[in-house]
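Mind looking at a prediction? Sequence and model below.
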Amino acid sequence: MSDKKGALTYHSSLTLMLELKDITKRFGDVLANDHINIKVEPGTIHAIVGENGAGKSTAMRIAYGFYTADSGEIVVDGEARNIATPHDAIRLGIGMVHQHFMLIDTMTVAENIVLGAEPGSAASIDLRRAAQEIRALSDEFRLSVDPEALVHDLSVGQQQRVELLKALYRRARLLILDEPTAVLTPQEVEEFFSILRRMREQGKTVIIITHKLSEVLAVSDDVTVMRDGRVVGRVKTSETSAAELARMMVGRDVLLRVEKPDAKPGETVLSVQRLSVAVTGGERGVRDVSFDVRAGEILGVAGVEGNGQTELIEALAGLVPQAQVGGRVEFDGRDITRATARQRYELGIAHVPEDRHRRGLLLDFDLSENSILGLHYRKPAVSVSPLLDLRGIRIRAQEIIRDFDVRPANPDLPARALSGGNQQKLIIGREFGLRPKLLLVSQPTRGVDIGAIEFIHRKLVELRDEGCAILLVSAELEEVTSLADRLLVIYHGRIVGEVDPKRATQEEIGLLMTGGEKGKAE
Amino acid sequence: MSEIFNLGLLFSAIRLATPLLLAALGGMFSERSGVINIALEGLMLAGAFTAASMTWYAGSPWVGLLSAIVAGAAIAGIHAVACIRYKADQVVSGTAINILLTGVPALLSGAFFLSSGSTPQIPKEHLMPPSLIITGISLFIFVWSFMRYTPLAKSPKALQVAVTVALVPFIVFVISHTPLRPLLGQPAVIWLAFALVPISFYVLFKTPFGLRLRAVGENPEAADAAGINVRAMRYSAVLLSGALAGIGGAYLSIGQSSLFTRNMSAGRGFIALAALIFGKWRPVQTMLACLLFGFTEAIAIQLQGVHFGGEEIPTQFVQIIPYVLTIVVLAGFIGQSRAPRALGIPYQKER
Amino acid sequence: MKLLRELLFPVIAVLMAFVVGGVIVWIIGDNPFEVYGLLLGSALTWPDGIGYTLFYATPLIFTGLAVAVAFRCGLLNIGAEGQLYAAAFATAWVSIKLGGTVIEDFAGKPVSYGWMSLPAVVLVPVAVLTAVAVGAGWGAIPGWLKARYGAHEVITTIMMNFIAVALVSYFTQYYYKAPGDPIMQSVPIGAAAHIPRLGDFVPGLPQRLPINVAFLLAILACALVYIFLWRTKWGYEIRATGANPSAAEYGGINVRKQIVLAMAVSGALAGMVGISEVLGYRYRYYDGFSAGYGFTGIAVALLGRNHPVGVFFAALLFGMLIRGGIFVDAFSQHVTKDLVEVLQAIVILFVAAEALFRGPFSRFGLLKRSKV
């Protein structure tokens, strides 16, 4: 993608507000930032866009001193700076509003705002002065926040304004906002943008991390596009379009087309009727979703992560407390809305979870033990109850290892010792071994190497052709379009459209995913 | 019954509540910063032994008190390093400190005083004396902390100070002409302990230190994001808890008693912990809990050997009241006692 | 290689504890080598040294297993002390009531404390099961409080310790103490409830040594705990819950149930201490008999890597220290048996702060979490 856009030079002779030079950051095996270069001009609103996991937040957390870069340089106001802690960043006039608010909800707004920069003396905080200053700031930017309120009692939108005030109170000249609109309603978003514009008028610089293209176009001056830990493009907002941005954002370097015969859908296996999943705090969750999955087909759900996919799959797997679930779920014609995880499992619902470390594996257990998670209580894992059939378990683990090409092929290794791809193959082998009627599968190839991706895709298609109904959720647009026979797009907890994965273009689906409307891609 | 419930019982309850209160306030600082402190028992023992030995050597209770503070903080330092620097399980580390401090004083007393676990008797004149100055300062603090509830609350600070200063001798005069008179002759540490309640309240809720401390215990990531050094806050809180528990221990050996005996804290560190939970990690409520628990202990002592209708009254049921109450509160049967959210979790900056 | 790594930290921790302890001994003014020679040498003589070492190790095996089982479920059971007191008293009570205890009062008139006199074949199993059941029950309460109300098990188990001690001392003092007995102890249990001492059938081991068949029970408990945790579906569920509650839930496991179950099993194991102490050694309930076995159990479990085999050897080590401590008391110049507690504490600290060693060792590539 290093075309002319990438080489775009900034014409101004002004000193840059912030420049990240060749920043690299690894988390274990994952290369989160790969020689990132970002230039932010003063007095502008700069959008950083990309899919989840593209490395946007990591880059900005490095700029804020929350993470330390493995290599590279941070330049503020034209001077190379060592930003080791948020304290250093604050001193340089950098403020950050994190995606998950950094607020202490048992404290008041004023206490949260002054924390770490308290007015008054070491012996006494002058909260009265603090409240005055906060009111003044709040009025200046028209934020209408009451300093005496408890954070706990505030709406999400108000909490966000508290976060803004926190940065403004510290005299931040550069504000970094991580997915600020994710928690806002459309009306609130409009209001929020006008706040940002006011800030720009006051001479502040704003960096906004987002994946919603409509918002990028509405509010930003410059755009940096990131994908897979790299910067893939820099453009002026006035010189680009949603279609171009979408292409840069979701485009793949490696094309992974899956060769598959047409589906031969059979009976309806899963019927979801007006399913809602409430989530405490924030407005994410699933809202009023209905669809069917039939035997022998893969129903894909595309969407940017965090739009309700996790809740949808977990609710269908029986992992969400029943009080939070509304609507009706039928499996093979019977109502399973209130069934427990184990009951669903018994009926033939297998589940490959999105987060294999949190849900799918017992990392310190060996592969044999991991190969029976979920069926450990019954035959064939148990010989004479309650005794486990260790030999049998080991043999079956070896079968999974062989059939699903898990490497290294040693059932006595702890799951932790395997690479992500091999861990995933083990889980898939375990779940496929049930001969399920329905497979719930979420992000099947996240953090998985290319070879394993192909293998997993082929196995999914094989399972489909054996007559299994598959519900596939993936944030990888390429993956979901090439695997799915039918494709739903989810946005803000709702199904916003069904497209034919063979015909729809990436731009079209990308726009739906990012809250745009169908057919406006051109 | 009237010979049980009299003014003596009240004094006794206050005396018994004092070591609990000091340890509990110490525990409060530690736990408010997010570090579980079940080592209070051991920290008290450290203070008690050090105070008794140093007083015996130096012939001055003040030297003893000061060294108890240092000893308490030093032992708490071990806990702090284990928990903060090396991310040890805080409960396990606390348990180790408790075991360590049943052994160390006994070992040292065997070596230095040729006894099995106790220090020599300290002459009466070297025990913790009453101190007019500390009593006066404490009274000043009490009166001062009530000032804001009086019509004078809005008046200039200088006037408030003047009125408070003037009130102190007056209050002393009044008390000395009532049956409460013995209160004035109590060891200075008792006054100090209760004066520490408003002070702790002030520190915790009115100073930058307190705000940061609470922030670190509730949400260390948010505190970090606000530019606060999470580790430094936790270290200072744990050391402070050691110092306060050390004073509590000193009171046991050179205030209430006149020597250190093996395991002389007898579970008071755990009752202090219970009081802290019962008091919902707040200074005033914690003080009330300590008084309640001190009161039950006083009753238990008075009941010993008392016969009622020919039957001896069992003291055990009175003794377990603090523990039962704590469980009841912890389970949320009466009121909700919410611990600082990050309590017990080492702060890990990067995943 | 895996075994070596498992052994490395505990061994380092013990060595470091001995080094630190040695420095303390030296400061106090004794020769550390002499003291350690006394400490360990006296524990290894035959038959007394070994007999006593194994006797002292017995309760520690039980409490070490108790802490380990809870730990495998992600719970810290600080309440073994209370559980063993409750169980010990209960087993004494059953053995008095069903063992037909009769003692003479001041006037020499027999007073009966029992309801009936069951034969040993019935009484011993009943007494043993009582210890197990009461320990389990006392342990299950904090488990339930956590599963149902979210009350932190560390605090509740500490509180339950004090409650157990107080209640048991109440019953002893007011109902089961022999009249005029100056010691806080119950009347003797019925003779039918006595379990054999190893001296009864091990050649060369004098009958006077308190080591009894409860030691064999402890070995059996190690084996059973191993089978339970690693060979049964129940153990699998407990370990899965401890390793990753989220994944356990995904695997259809009722996490709350596992918490109660693990605490009950843990309490049952702690309760078995009563079998050794009451049925095999003192033949009565003796108030304050436990020298902090419940707390030492934490050290034992940690040092033993929460594995039955490790627990067994760690308990032997601490048993040796307790035995040797008595000799240190008697024969060394300044140092007292309290050195044992100091060593214990330092071992726990070093094991808990494992990261302390991980740093320097990983530098040599010895302990790198290799990707195999």
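Now that the structure is in, tell me what you want to look at.

Only C-alpha atoms from now on, for both contacts and neighbour counts.
Fine.

in the host helix or strand of residue A:218, what's buried?
Per DSSP states H and E: residue A:218 is located in helix A:213-219. Going by neighbour count (16 or more other CA atoms under 10 Å in any protein chain shown), the buried part of helix A:213-219 is A:213, A:215, A:216, A:217, A:219.

Show me which of those is closest to chain C.
residue A:213 (34.7 Å; CA to the nearest CA).

Low-confidence ranges, chain C, go.
For chain C, the stretches with pLDDT under 70 are C:1-2, C:358-372.

Residue C:57 versus the spatially most central residue of it, what's the distance?
By CA atoms, centre = their mean, the mean C-alpha position of chain C lies nearest to residue C:63, the distance being 2.7 Å. From residue C:63 across to residue C:57, the span is 10 Å (CA to CA, to the nearest Å).

how far does the helix or strand of chain B with the lowest mean pLDDT sit from the chain's center?
Lowest by mean pLDDT, DSSP states H and E among the helices and strands of chain B is strand B:307-308, with a mean of 71. Distance of strand B:307-308 from its chain centroid, counting by CA atoms, centre = their mean, to the nearest Å, is 34 Å.

contacting residues around that strand?
residue B:313 (CA atoms under 8 Å, 6 or more residues apart in numbering or on different chains).

Point me to the residue sitting farthest from the middle of the chain.
I'll assume chain A. residue A:384 (44.2 Å).

Chain C is the one I meant
Chain C, farthest from centre, CA atoms, centre = their mean: residue C:107 at 40.7 Å.

And it, how far from residue C:180?
In terms of CA to CA, residue C:107 sits 12 Å off from residue C:180.

follow-up on the earlier one: mind checking the SS state of the residue farthest from the centre of chain C?
What DSSP: H, G, I helix; E, B strand; the rest coil gives for residue C:107 is coil.

circling back to that earlier point, after the helix holding residue A:218, which helix or strand is next?
As assigned by DSSP H and E, the chain's next helix or strand after helix A:213-219 is strand A:222-227.

The very next helix or strand once past that next one: partners in the sheet, and parallel or antiparallel?
Proceeding N to C from strand A:222-227, the next assigned helix or strand is strand A:230-236, under DSSP H and E. Applying DSSP bridges to the sheet, strand A:230-236 is found paired with strand A:222-227 (antiparallel).

ok so, going back, report all helices and strands that the helix holding residue A:218 contacts.
strand A:45-49, helix A:242-250 (3 or more CA pairs under 8 Å, 6 or more residues apart in numbering or on different chains; DSSP states H and E).

Only C-alpha atoms, please: export that helix in PDB.
What follows is helix A:213-219, C-alpha atoms only, in PDB (Å, rounded to 0.1, in the frame of the first residue of the first chain):
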ATOM      1  CA  LEU A 213     -15.700   5.800   8.400                       C
ATOM      2  CA  SER A 214     -18.800   8.100   8.500                       C
ATOM      3  CA  GLU A 215     -17.400   9.700  11.600                       C
ATOM      4  CA  VAL A 216     -13.900  10.000  10.100                       C
ATOM      5  CA  LEU A 217     -15.300  11.900   7.200                       C
ATOM      6  CA  ALA A 218     -17.500  14.100   9.400                       C
ATOM      7  CA  VAL A 219     -15.000  15.300  11.900                       C
END
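
Distance of residue C:160 relative to chain A?
31 Å (CA to the nearest CA, to the nearest Å).

Most proximal residue of chain A with respect to chain B?
residue A:87 (3.8 Å).

picking that back up, please state the offset of the helix holding residue A:218 from the chain centre?
19 Å.

same thing with stretch C:186-197?
Here stretch C:186-197 is found 21 Å from its chain centre; the criterion is CA atoms, centre = their mean.

From start to finish, how long is it in a straight line?
One end of stretch C:186-197 to the other measures 21 Å (CA to CA).

before we move on, what about stretch C:269-281?
18 Å.

tell me how far it is from the chain's mean position?
For stretch C:269-281, the distance to the chain centre is 9 Å (CA atoms, centre = their mean).

Check stretch A:417-436 too.
22 Å.

And for stretch C:236-243?
Going by CA atoms, centre = their mean, where stretch C:236-243 is centred and where its chain is centred differ by 23 Å.

contacting residues around it?
A:362-364, A:376, C:71-75, C:229-230, C:247-249, C:253, C:255, C:258-259, C:262.

6 Å - rerun?
C:72, C:73, C:74, C:248, C:258 (CA atoms under 6 Å, 6 or more residues apart in numbering or on different chains).

thinking again about what came up before, and the residue nearest to the centre of chain C, how close does it get to residue C:81?
8 Å.

Run through the residues that contact residue A:285.
With CA under 6 Å, 6+ apart, residue A:285 has these contacts: A:277, A:278, A:279, A:308, A:311, A:493.

cutoff 8 Å now
Taking CA under 8 Å, 6+ apart, one finds A:276, A:277, A:278, A:279, A:307, A:308, A:311, A:312, A:492, A:493 in contact with residue A:285.

Tell me how far the fifth one lies from residue C:66.
Which is residue A:307. Residue A:307 is 45 Å from residue C:66, by CA to CA.

In terms of neighbours, single out the busier of those two.
residue C:66 (36 against 23; other CA atoms under 10 Å in any protein chain shown).

pretty sure that one is in a helix, no?
Yes. Checked against three-state DSSP, residue C:66 lies within a helix.

max-length helix in chain B?
Longest helix of chain B, by residue count under DSSP state H: helix B:7-32.

Can you point out the buried residues in that one?
In terms of neighbour count (16+ other CA under 10 Å), helix B:7-32 has its buried residues at B:9-32.

got a list of what residue A:404 touches?
A:425, A:426, A:429.

The second one touches residue A:401, doesn't it?
Yep, that's residue A:426 we're talking about. Yes. Residue A:426 lies in contact with residue A:401 (CA atoms under 8 Å); the separation is 6.9 Å.

who's more crowded, these two?
Between residue A:426 and residue A:401, counted using other CA under 10 Å, residue A:426 has the larger neighbour count: 28 against 24.

can you give me the helices in the stretch 101-250 of chain C?
C:120-149, C:153-171, C:214-231, C:233-243, C:245-250 (DSSP state H, counting those that start in this stretch).

and residue C:208, which of the ones you listed is closest to it?
helix C:214-231 (15.5 Å; CA to CA).

what's the closest one in contact with?
Applying CA under 8 Å, 6+ apart, the external contacts of helix C:214-231 come out as A:387-390, C:54-55, C:58, C:61-62, C:65, C:69, C:234-236, C:238-239, C:269, C:275-276, C:280, C:307-309, C:312.

And stretch A:220-227, by the same measure?
By CA under 8 Å, 6+ apart, stretch A:220-227 touches A:38, A:44-51, A:54-56, A:216, A:231-238, A:245, A:248-250.

Show me which of those residues are buried.
A:38, A:44-51, A:54-56, A:216, A:231-237, A:245, A:248-250.

Around chain C, pick out the residues from the stretch 151-300 of chain B.
Residues of the stretch 151-300 of chain B lying near chain C by CA under 8 Å from any CA of the partner chain: residue B:270.

Point me to the residue of the stretch 151-300 of chain B nearest chain A.
residue B:227 (3.8 Å).

Is that residue in contact with residue A:87, as I believe?
Yes. The criterion here is CA under 8 Å, and residue B:227 meets it with residue A:87 at 3.8 Å.

what touches both of these two?
With CA under 8 Å, 6+ apart, residue B:227 and residue A:87 have no common neighbours.

Quick one: neighbours of residue 321, just the number.
Went with chain A since none was named. Applying other CA under 10 Å, we find 13 residues neighbouring residue A:321.

wrong one, chain C
Applying other CA under 10 Å, I find that residue C:321 has 27 neighbouring residues.

out of everything not next to it in sequence, what's closest to it?
Leaving aside its chain neighbours, residue C:321 sits nearest to residue C:340 (6.0 Å; criterion: CA to CA, 6 or more residues apart in numbering or on different chains).
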